[in-house]
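K.L.:
Would you be able to build a 3D model of this:
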Amino acid sequence: MHVILTRDRMSELENILETELLENGADHVFIVDASGNLIIERGNLPMGDILSLAALSAANFGATEQIARLIGEEDFSLLFHKGARQNIHFSRIGRNFILVTLFGNDVSLGLIRLRSSKAIEKLLNILG
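P.N.:
Below you'll find the predicted structure:
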């Protein structure tokens, strides 16, 4: 599947990430495709190697998809990793994209899950 992202569509993506996630406590947000290609990135954290993080995020999701199949699930639609200072939340956008949200311990996982769900509804209109 190919998605053509015009300048206007990229602006729409930026606006969704900003209003749904960054304005609600997320520190950094990005979207990758299933192959690990970075589609868009926004946020406040210094990302020295965002391309490696994007590729590893997609690989992490792919590995977890295989784990799901081994236990009889088709897929897991989201993943979450908790760290001492930073947390990372992954959500599938359709079949081909992944929303990755980094946030600190001062923001609740429930809020990130809620805002991610709202963002995904809007992102699906652009990414299909």
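
K.L.:
So which residues of the protein form strands?
P.N.:
Using DSSP state E, the strands of the chain run over 28-33, 38-43, 78-82, 86-93, 97-104.

K.L.:
which outside residues touch the third one?
P.N.:
Read it as strand 78-82. When contacts are defined by C-beta atoms under 8 Å, 6 or more residues apart in numbering, strand 78-82 is touched by residues 60-61, 64, 87-92, 109, 113, 116. For the C-beta atoms, the positions are set from N, CA and C on the backbone; glycine is no exception.

K.L.:
let's see 6 Å
P.N.:
Outside strand 78-82, the residues that touch it by C-beta atoms under 6 Å, 6 or more residues apart in numbering are 64, 88-91.

K.L.:
Roughly how far does A34 sit from D75?
P.N.:
12 Å (C-beta to C-beta, to the nearest Å).

K.L.:
So between those two, which is more surrounded?
P.N.:
Neighbours per residue, other C-beta atoms under 10 Å: of A34 and D75, the larger number sits with A34, 17 against 12.

K.L.:
wait, that one sits on N96?
P.N.:
Yes. At 5.4 Å, A34 and N96 qualify as touching, with contact defined as C-beta atoms under 6 Å.

K.L.:
picking up where we left off before, right, and out of the contacts of strand 78-82, which lies closest to V29?
P.N.:
Nearest to V29 among the contacts of strand 78-82 is H89, at 9.6 Å by C-beta to C-beta.
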